[in-house]
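Peer 1: here's my sequence, what's the structure:
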Amino acid sequence: MTIGSPVSGATGSCVAPLALGAMLLTGAAPGLSAQGAALDRAPSRFAPYNGIRVHYKSLGLGATAVVFVHGWNCDLSFWREQVPAVDGRVRAIFLDLPGFGRSDRPEVAYSMDYFAGAVDAVLRAAGVEHAVLVGHSMGTPVIRQYYRRFRPRVLALVAVDGALRSPFGDTAQTARFVAQWDGADYAQRMSGMVDALFSGSADTALRASVRRQMAATPQRIAASAMRGMADPSIWRDDPIEVPLLAVMAEGRNWPPEYVAYVKRIAPGVRYETMSGVGHFLMLERPAEFNSLLDEFLRGQRVIR
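Peer 2: Residues are numbered from 1 along each chain as shown. Below you'll find the predicted structure:
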């Protein structure tokens, strides 16, 4: 799970192929299905955070919630297929990290710690006291950073095809990889990465929708968030002592050695692999993903 060499053209799939790309999530695909209608109807709310507004939507009531955190260059609508798994059963919070979706786009360093603070601002504004945090791609290091900072509020974590160990190589490799997103060929690299993140059987319309949404993120924000993910200080080996579900796409991005690492830092982890899917597994096969999420949430006794 390291970046053998900086990606060029379409080589960058999730982080080295995944590690990165996979860690990066995407945005929603409008019109995918009617599954997310409740999310569409939910009113937009905004939480104050360090002088900006962070956009979120809330389904249901209660001080305990399942909180969905998107990945790189995406927004909350990317979770629309998960609405049936939670709507009417538990309070659910869907948020746009700063810089993405309808949240403000300040001139700041978009670090994982900055994002974790934004998640906390949303939960405080929404009156959520305890949460199960679900993070896809870049959302995984975000929720882990949240766990480090706000441990008493975390009931459990769900990592969705996102890294818990640095997907980057050595310092020089990391610098070259990150620098690519500051270049004039940003749009081409983005398109190539999106194609590499999907399975061969992925729906063409879904692919196109994701490509459009990811490309719409301002380059300065995308590059800054990539630098935030490359920060070695967030990739510590500290233990995860709350229940953890990892749902990963089968493939070379998550070799047996990585699985062993996750089991070492989180001995009670439930590690699930989905075959025949790409990085956006919760969109490619939502029923299968939702079944795994449902079983885990039942085990935590947070859904009815």
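Peer 1: CA only for contacts and neighbour counts going forward, please
Peer 2: Fine.
Peer 1: pull the stretch of helix or strand Ala187 belongs to out as PDB, backbone CA atoms only.
Peer 2: In this assignment (DSSP states H and E), Ala187 forms part of helix 186-197. What follows is helix 186-197, C-alpha atoms only, in PDB (Å, rounded to 0.1, in the frame of the first residue of the first chain):
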ATOM      1  CA  TYR A 186      -4.700  18.900 -13.300                       C
ATOM      2  CA  ALA A 187      -7.900  18.200 -15.300                       C
ATOM      3  CA  GLN A 188      -6.300  15.400 -17.300                       C
ATOM      4  CA  ARG A 189      -4.900  13.800 -14.200                       C
ATOM      5  CA  MET A 190      -8.200  13.900 -12.500                       C
ATOM      6  CA  SER A 191     -10.000  12.200 -15.400                       C
ATOM      7  CA  GLY A 192      -7.400   9.500 -15.600                       C
ATOM      8  CA  MET A 193      -7.600   8.900 -11.800                       C
ATOM      9  CA  VAL A 194     -11.400   8.600 -11.900                       C
ATOM     10  CA  ASP A 195     -11.300   6.000 -14.700                       C
ATOM     11  CA  ALA A 196      -8.700   4.000 -12.700                       C
ATOM     12  CA  LEU A 197     -10.800   3.900  -9.600                       C
END
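Peer 1: what's the first helix or strand after it?
Peer 2: Next along from helix 186-197, by DSSP H and E: helix 204-215.
Peer 1: show the average pLDDT along that following helix.
Peer 2: For helix 204-215, mean pLDDT rounds to 87.
Peer 1: packing partners for it?
Peer 2: Applying 3 or more Cα pairs under 8 Å, 6 or more residues apart in numbering; DSSP states H and E, one finds that helix 204-215 contacts helix 186-197.
Peer 1: name the residues of the helix it packs on that are buried.
Peer 2: Residues 186-187, 189-197 are the ones in helix 186-197 that count as buried (16 or more other Cα atoms under 10 Å).
Peer 1: was I right about Lys48 contacting Tyr56?
Peer 2: Lys isn't right for residue 48; it's Pro. No: applying Cα atoms under 8 Å, one finds Pro48 not in contact with Tyr56, separated by 11.1 Å.
Peer 1: higher neighbour count, these two?
Peer 2: Tyr56 (26 against 14; other Cα atoms under 10 Å).
Peer 1: beta partners of the nearest residue to that one once chain neighbours are set aside?
Peer 2: Sequence neighbours aside, Leu95 is the residue nearest to Tyr56 in space, at 4.1 Å (criterion: Cα to Cα, 6 or more residues apart in numbering). When assigned by DSSP bridges, Leu95 has beta-bridge partners Tyr56, Val69.
Peer 1: now do the contacts for Leu95.
Peer 2: 54-57, 67-70, 75-76, 119, 122 (Cα atoms under 8 Å, 6 or more residues apart in numbering).
Peer 1: again, only using 7 Å
Peer 2: 55-57, 68-69, 76 (Cα atoms under 7 Å, 6 or more residues apart in numbering).
Peer 1: make TSV from those residues and add distance to Thr171 to it.
Peer 2: Shown next, in TSV, are the contacts of Leu95 (distance: Cα to Cα, whole Å):
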residue	distance to Thr171
His55	35
Tyr56	36
Lys57	39
Phe68	31
Val69	28
Leu76	32
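Peer 1: tell me which helix or strand of the chain sits lowest on mean pLDDT?
Peer 2: strand 14-15 (a mean of 36; mean pLDDT, DSSP states H and E).
Peer 1: all set, thanks.
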